[in-house]
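In: Let me see the structure of the following:
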Amino acid sequence: MNNYFKLEQERSNYLLEQTLVLSTVKGYLKGTIKYDESSEVVKFATKLLGIIDEGLTAVEDKFPEQK
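Out: The predicted structure follows:
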């Protein structure tokens, strides 16, 4: 039983770390899109933002009880 709780704690920590990293990058990209004047940078940041959203969705789907 102790191993189960340890595993659940590791899963929760993993979810938190992944969500924090992806959310931080997402915020940075939104700022880049809002304030950058270069269309190439905005286009690239928009593509990355789509990938980040997919990553967040995948993490949330992997750990549905943590939503």
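In: Name the residues that touch stretch 44-58?
Out: Residues from elsewhere that reach stretch 44-58 (Cβ atoms under 8 Å, 6 or more residues apart in numbering): 18, 19, 22, 23, 25, 26, 29, 30, 32, 33, 36. All C-beta spots, glycine's among them, are computed from the backbone N, C-alpha and C.
In: Report the rounded mean pLDDT for it.
Out: For stretch 44-58, the mean per-residue pLDDT is 85.
In: Show me what the biggest helix by length in the chain is packed up against.
Out: Using DSSP state H, we find that the single longest helix of the chain is helix 2-35. Contacts defined by 3 or more Cβ pairs under 8 Å, 6 or more residues apart in numbering; DSSP states H and E place helix 2-35 against helix 39-62.
In: Give me the buried positions along the helix it packs on.
Out: Within helix 39-62, the residues scored as buried using 16 or more other Cβ atoms under 10 Å are 42, 45, 48, 49, 52, 55, 56, 59.
In: Can I get those in JSON lines including distance to residue 9?
Out: JSON lines is the format used below for those (distance: Cβ to Cβ, whole Å):
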{"residue": "42", "distance to residue 9": "40"}
{"residue": "45", "distance to residue 9": "35"}
{"residue": "48", "distance to residue 9": "31"}
{"residue": "49", "distance to residue 9": "31"}
{"residue": "52", "distance to residue 9": "26"}
{"residue": "55", "distance to residue 9": "22"}
{"residue": "56", "distance to residue 9": "21"}
{"residue": "59", "distance to residue 9": "17"}
